[in-house]
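J.: Give me the fold of what follows.
(one chain, ligands or ions: 1)
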Amino acid sequence: MTNLEFLLQRQSNPQLTEPAPNKTVIENILAAGMRVPDHAGLKPWHFTVVSGEGLQRLSDLYVDAFKDIFSKPDNQATAEEIEQKLAKAKKMPFRAPLIIVISTKLQAHEKVPEVEQVVAAGCCAHAMQMAATAQGFGAMWRTGDLAYNNIVKQGLGVAEQDHIIGFLYIGTPCRELPLKPSRSFVPHVDYWQ
Ligand SMILES: Cc1cc2nc3c(=O)[nH]c(=O)nc-3n(C[C@H](O)[C@H](O)[C@H](O)COP(=O)(O)O)c2cc1C
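T.: The predicted model follows:
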């Protein structure tokens, strides 16, 4: 496959299993994350590599976050709904054997506004998905409510003013997925000529 074909065929794989990437593969993924365009070289991101026991730690954090949500006086959920949500949250991190959490580490800079730093961190997630795929693994970028939850942010050491950009789930594809059709760029483009 050429580099261009690789780019034009990017897609996610949500069905991931063991084995997880080994140390070398993970370090290549992290190195790809460091290679993104970065105004003023601020490196305004942080990566948390979660695997093994770490997945259970993340699961516990998700449960704590939901317990906190459900303990609020304005919570309307029934006991059954709460039980279902907690059971789902517990399982979430086990959808892949490796998760890399990409978060921002925003810095005050006169020439680099926050939006540029968030975009750069987003590029990390994309580059890392590509690096995982290039090494034969599957990956899926996820967020969901928990990416914006303060308990989850605190547990992961993400400062209040920072953002969780994504949870990049990575693992061995359970099966090769058929190639999705390409999306047309036509309605998204105009030309000044
Ligand atoms: C910032 C961001 C957050 C996302 N969060 C989720 C998510 O929580 N759940 C989900 O199913 N897809 C999520 N997606 C979309 C998937 O990563 C994926 O792109 C989508 O399912 C389309 O599949 P494709 O990547 O194969 O085109 C997110 C994408 C981005 C860029």
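J.: any idea which element Phe66 lies in?
T.: In the assignment (DSSP states H and E), Phe66 maps to helix 53-70.
J.: now the helix or strand of the chain with the lowest mean pLDDT and helix 53-70, what's the angle there?
T.: Least confident helix or strand, the chain: helix 79-91 with a mean of 93, by mean pLDDT, DSSP states H and E. Orientation of helix 79-91 against helix 53-70 (axes from the mean of the first three to the mean of the last three C-alpha atoms, to 10 degrees) gives an angle of 160 degrees.
J.: before we move on, the earlier item: could the C-alpha coordinates of the helix holding Phe66 be exported in CSV?
T.: Extracted as CSV, the C-alpha positions of helix 53-70 are listed here (Å, rounded to 0.1, in the frame of the first residue of the first chain):
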residue,chain,number,x,y,z
GLU,A,53,-4.1,-3.2,35.8
GLY,A,54,-4.4,0.4,34.6
LEU,A,55,-7.6,-0.6,32.7
GLN,A,56,-9.1,-1.6,36.1
ARG,A,57,-8.0,1.7,37.6
LEU,A,58,-9.7,3.6,34.7
SER,A,59,-12.8,1.4,35.2
ASP,A,60,-12.9,2.3,38.9
LEU,A,61,-12.5,6.0,38.0
TYR,A,62,-15.5,5.8,35.6
VAL,A,63,-17.6,4.2,38.3
ASP,A,64,-16.6,6.9,40.8
ALA,A,65,-17.6,9.5,38.2
PHE,A,66,-21.0,8.0,37.7
LYS,A,67,-21.6,7.5,41.4
ASP,A,68,-20.9,11.2,41.8
ILE,A,69,-23.3,12.1,39.0
PHE,A,70,-26.0,9.9,40.5
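J.: Give the buried residues for that helix.
T.: Of the residues in helix 53-70, those with enough neighbours to count as buried (16 or more other C-beta atoms under 10 Å) are Leu55, Leu58, Ser59, Leu61, Tyr62, Val63, Asp64, Ala65, Phe66, Ile69. No exception for glycine: its C-beta is placed from N, CA and C like everyone else's.
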